[in-house]
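Student: Quick check, what structure comes out for this input:
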Amino acid sequence: MNHQKLLSTAVILGGAVAFTALGSVTADAKMKRISIGTNPAGTTYFVLGGLFAKTFQEKLGIRSTAQPHAGSSVYLPLLNKGELTLGLNSSLDSAMAYTGKKPYKSATKNVRSIARIWQLPYTYMARANSGIKTVADLKGKRVIINLKSNVSLGQLNRTILATAGLTEADVTPVTAGNIPQNINAVVEGRADAAVTALGIPLVRKANAGIPGGVVMLSIGPKATDAFMNAGMPGSRTMMAKPSKRNIGVAGPMKIAAFDTYVNIAGSISNEDAYTIAKTLHSNWKSLQKQHPVLRGVKPNQMAPAANPIPYHPGAMKYYKEVGVWTAANDKHRGMNK
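Tutor: Okay, here's the model as predicted:
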């Protein structure tokens, strides 16, 4: 195989990270372009999308872009129609979209999975000087529940409240457009509690911008994996511990969690899906060095059986070759045969 030197440049266009290559493309890569749907600029999904685009650019020589949208509820239908190559989606959104639950007008049956990339710790956040320490303390407070761009997180938020025996009637519900806007509502004093993933840049910024910083809230005593999954399929519990990265975690606490996947348009060929899965998996240790949230998933954990949607046949072929695919994958709901 002949390889020419690649000259790549990173270009910021309308908030999207675009990587344009001059040079040859590897012989096994048939795609002309890779587009990756992500959450808005400033979110971890957007940063990861840019990192993956850069990796595809460097390793495959294919022009790749991370394209920000208001949320998964917006770009999962685009992925389903083949208007995007890839999308970074939570297990929550994947489950709702694939089964056609609101706000999806129809089931996204053309979406497939490539890899799990992030085990995402998630809970409510408040001002540290507010006196709020746990989800139970949110009774009577102004609380973000619904996110216009992400219905699944609204359902997860109601499930988190339920772990403390609370419903929307017990709080003053506040609606935000997306995760950045919901965190800003606390920073600006328009809400007492917002939802967030631990350790993301937005939390670091909020912690610096609020006198006294922020505090993460432990979820309620009813919280078990079964309780969480029954309330919002694809969710579970996780223990969080204080660390430099876990801003606002004062001591060991139980919080919610779910997974993030790289999903792919089902219209992408088996060969190209194989190439994408191989590129991510074979470069995973390098990618983990570049972003800490990826470090919670080992290379042999990138294709868990408990995925709410089927894996792309091309990805399945690759994972079977490298020993990541197990019998549990084939048995899971009969989806991955």
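Student: Now the longest helix anywhere in the chain - C-alpha only, CSV.
Tutor: Ordering each helix of the chain by length in residues (DSSP state H) puts helix 44-60 first. These are the backbone C-alpha positions of helix 44-60, laid out as CSV (Å, rounded to 0.1, in the frame of the first residue of the first chain):
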residue,chain,number,x,y,z
THR,A,44,-17.8,17.0,26.4
TYR,A,45,-19.6,15.4,23.5
PHE,A,46,-18.4,18.1,21.2
VAL,A,47,-14.9,17.9,22.5
LEU,A,48,-14.9,14.1,22.0
GLY,A,49,-16.4,14.5,18.6
GLY,A,50,-13.5,16.7,17.6
LEU,A,51,-11.0,14.3,19.1
PHE,A,52,-12.5,11.4,17.1
ALA,A,53,-12.6,13.5,13.9
LYS,A,54,-9.0,14.3,14.3
THR,A,55,-8.2,10.6,14.8
PHE,A,56,-10.1,9.6,11.7
GLN,A,57,-8.4,12.4,9.8
GLU,A,58,-4.9,11.3,10.9
LYS,A,59,-5.3,7.6,10.6
LEU,A,60,-7.6,7.3,7.6
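Student: Just after the stretch of helix or strand Tyr124 belongs to, pick out the following helix or strand.
Tutor: Tyr124 belongs to strand 111-127 when assigned by DSSP states H and E. Using DSSP H and E, the next helix or strand after strand 111-127 towards the C-terminus is strand 142-147.
Student: How far away from the center of its chain is that next one?
Tutor: When C-alpha coordinates are averaged (C-alpha atoms, centre = their mean, to the nearest Å), strand 142-147 and its chain have centres 19 Å apart.
Student: and that strand with strand 111-127, angle?
Tutor: If you take axes from the mean of the first three to the mean of the last three C-alpha atoms, to 10 degrees, strand 142-147 sits at 170 degrees to strand 111-127.
Student: What is strand 142-147 packed up against?
Tutor: helix 151-162, strand 172-176, helix 179-187, strand 193-197 (3 or more C-beta pairs under 8 Å, 6 or more residues apart in numbering; DSSP states H and E). Where you see a C-beta, it was placed from the backbone N, CA and C, and this is true even at glycine.
Student: residues in contact with it?
Tutor: 71, 124, 153-154, 157-158, 161, 168, 171-179, 182, 185, 190-195 (C-beta atoms under 8 Å, 6 or more residues apart in numbering).
Student: Look up how far Met238 lies from Pro252.
Tutor: 11 Å (C-beta to C-beta, to the nearest Å).
Student: before we move on, back to that, and the angle from the strand holding Tyr124 to strand 193-197?
Tutor: Relative orientation of strand 111-127 versus strand 193-197 (the same axes, to 10 degrees): 140 degrees.
Student: Could I get the average pLDDT for strand 111-127?
Tutor: Averaged across strand 111-127, the pLDDT comes to 96.
Student: Got the domain ranges for the chain?
Tutor: Using automatic domain parsing, the domain parsing of the chain gives 7-119+260-334, 121-258.
Student: and the end-to-end length of the shortest one?
Tutor: Same thing as domain 121-258. 7 Å (C-alpha to C-alpha, to the nearest Å).
Student: Would you pull up how far it lies from the middle of the chain?
Tutor: Centre to centre, stretch against its chain (C-alpha atoms, centre = their mean), the figure for domain 121-258 is 16 Å.
Student: Check stretch 100-120 too.
Tutor: Relative to its parent chain, stretch 100-120 has a centroid offset of 11 Å by C-alpha atoms, centre = their mean.
Student: Enumerate the positions of stretch 253-272 that are buried.
Tutor: Across stretch 253-272, burial judged by 16 or more other C-beta atoms under 10 Å covers 253-266, 268, 272.
Student: Which strand or helix spans the closest residue to His69 other than its chain neighbours?
Tutor: Distance criterion C-beta to C-beta, 6 or more residues apart in numbering; nearest residue to His69, sequence neighbours excluded, is Tyr75 at 4.2 Å. With secondary structure defined by DSSP H and E, Tyr75 is part of helix 72-80.
Student: Contacts for that helix, please.
Tutor: Residues contacting helix 72-80 (C-beta under 8 Å, 6+ apart): 37-39, 67, 69, 84, 86-90, 93-94, 97, 103-105, 108-111, 149-152, 263-266.
Student: Can you flag the buried ones in the residues you listed?
Tutor: For these, buried by 16+ other C-beta under 10 Å: 37-39, 67, 69, 84, 86-90, 93-94, 97, 104, 108, 111, 149-152, 263-266.
Student: Which of the residues you listed fall within strands?
Tutor: Secondary structure assignment (DSSP state E) places Gly37, Thr38, Gln67, Leu86, Gly87, Leu88, Asn89, Ser90, Val111, Asn263, Ile264, Ala265 from the buried ones among the contacts of helix 72-80 within strands.
Student: For PyMOL, write the selection for the buried entries among the contacts of strand 142-147.
Tutor: Here is the PyMOL selection string for the buried members of the contacts of strand 142-147, based on 16+ other C-beta under 10 Å:
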select buried, resi 71+124+153+154+157+158+161+171+173+174+176+178+179+182+185+191+192+193+194+195
